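**Q** test case, fold it:
(one chain, ligands or ions: 1)
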Amino acid sequence: MPNRRSRPIGFFDSGVGGISIFNEVLKLLPNEEYIYLSDSKNAPYGIRSSQEIIALSLKNTRLLLEQDCKLIVVACNTATTNAIDELRLRFDVPFIGIEPAVKPAILNSQLKRIGVLATRGTLSSELFARSVREAVQHQIKITEIEGKGLVERVESGDLRDSKFIKELKVLISPFIQQRIDFLVLGCTHYSFLRPILTDILPDSIQIIDAAKPVAKRLDKILQELNLKNDLQRNIIEDRFYTNKDPKILSRYVPANSRRESRVAYLDF
Ligand code: DGL
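**A** Just a heads-up that it's a prediction; the model follows:
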């Protein structure tokens, strides 16, 4: 039985989006071993009911615990905002979640107008409602847009389709009309759209997500709980499971000379 520190860190998301978190985590914590679950068969989570999102999150967590994970990163805003309380109640393992980075936008907005691009599931959650109340207290106006179809697009792996880029321009045009100065990407899938969004939006709009802060928080929690691993092996093996198309997941998994990334289909 390996000691607690040497066990893997588990990630789950409704699909490939959580890889944007994994990328930041890897920079900070290269001496850990990871297991990633991409529940692409059930994506998008954002149009599902809270009960369904909780049920899917429980399923993913059980599987990661069967794989002996020492900590679970809920690499999905929709799952975090709808299910993390329930997960913490049910399982005796530390969880790190991700929520739209509204706070830094509130604190740094000069124009007092920020935008949030997120799924319906996140925008309608109680956790997000709290962020909105905080914004109101700071006299910040939030323009919220549901990223309809964006998760499906990222899941398709084809981001440079010209028809899609035209539709995206229309979808996000209220951010330009409202003259926001911060855009919060409130869905881990959307981080892969950042280069396109940067092309479309004026330079005056700063685009932020919560990937780096989540990585820092994970590092801090591992230290506090004495769970930080320090693998010194030349090659570390990570596992990436998808219940849909491993070819698509492989496109998002980063290449890294020190890591052997096994991408495989798993029925879960
Ligand atoms: N990556 C998930 C998130 O951060 C996408 C949710 C969905 O599948 O709709 O919210």
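
**Q** who does whichever strand or helix holds residue 239 pair up with?
**A** Using DSSP states H and E, residue 239 maps to strand 236-242. With DSSP bridges as the test, strand 236-242 is paired with strand 34-38 (parallel), strand 259-265 (parallel).

**Q** okay if I get those as TSV plus mean pLDDT?
**A** Formatted as TSV, those follow (pLDDT from 0 to 100):
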stretch	mean pLDDT
strand 34-38	98
strand 259-265	97
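
**Q** just say which of these is most tucked in.
**A** strand 34-38 (a mean of 26; mean count of other C-beta atoms under 10 Å). The C-beta positions use only the backbone N, C-alpha and C, and glycine is treated the same way.

**Q** so what's the most centrally placed residue in the chain up against?
**A** By C-alpha atoms, centre = their mean, the chain has its centre lying nearest to residue 188, at 3.2 Å. Applying C-beta atoms under 8 Å, 6 or more residues apart in numbering, we find residue 188 in contact with 13, 17-21, 75-77, 98, 209, 211.

**Q** which residue, other than its chain neighbours, is closest to it?
**A** The shortest distance from residue 188 to any residue other than its chain neighbours is 3.6 Å, reached at residue 17 (C-beta to C-beta, 6 or more residues apart in numbering).

**Q** give me the neighbour count for the one you found.
**A** Neighbours of residue 17 under the rule other C-beta atoms under 10 Å: 30.

**Q** so it sits in a strand?
**A** No - under DSSP: H, G, I helix; E, B strand; the rest coil, residue 17 sits outside any strand and is assigned coil.

**Q** look up how far the ligand lies from it.
**A** Distance of residue 17 to the ligand, computed by C-beta to the nearest ligand atom, to the nearest Å: 3 Å.

**Q** quick check: residues of this structure near the ligand?
**A** 13-14, 17, 43-46, 76-78, 119, 122, 151, 187-189 (C-beta under 6 Å from any ligand atom).

**Q** about what we covered before: nearest to residue 107, of the strands paired with strand 236-242?
**A** Comparison of the strands paired with strand 236-242 against residue 107 by C-beta to C-beta identifies strand 34-38 as nearest, at 31.4 Å.

**Q** may I have the helix or strand just after the closest one as CSV, with CA atoms only?
**A** Per DSSP H and E, the first helix or strand lying C-terminal to strand 34-38 is helix 50-66. The C-alpha trace of helix 50-66 is given here as CSV (Å, rounded to 0.1, in the frame of the first residue of the first chain):
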residue,chain,number,x,y,z
SER,A,50,-28.3,20.5,-10.6
GLN,A,51,-29.3,17.0,-9.6
GLU,A,52,-27.9,15.5,-12.7
ILE,A,53,-24.6,17.4,-12.3
ILE,A,54,-24.4,16.2,-8.7
ALA,A,55,-25.0,12.6,-9.8
LEU,A,56,-22.3,12.8,-12.5
SER,A,57,-19.9,14.4,-10.1
LEU,A,58,-20.4,11.6,-7.6
LYS,A,59,-19.8,9.0,-10.3
ASN,A,60,-16.6,10.6,-11.4
THR,A,61,-15.4,11.0,-7.8
ARG,A,62,-16.1,7.3,-7.0
LEU,A,63,-14.0,6.2,-9.9
LEU,A,64,-11.1,8.4,-9.0
LEU,A,65,-11.2,7.1,-5.4
GLU,A,66,-11.2,3.5,-6.7
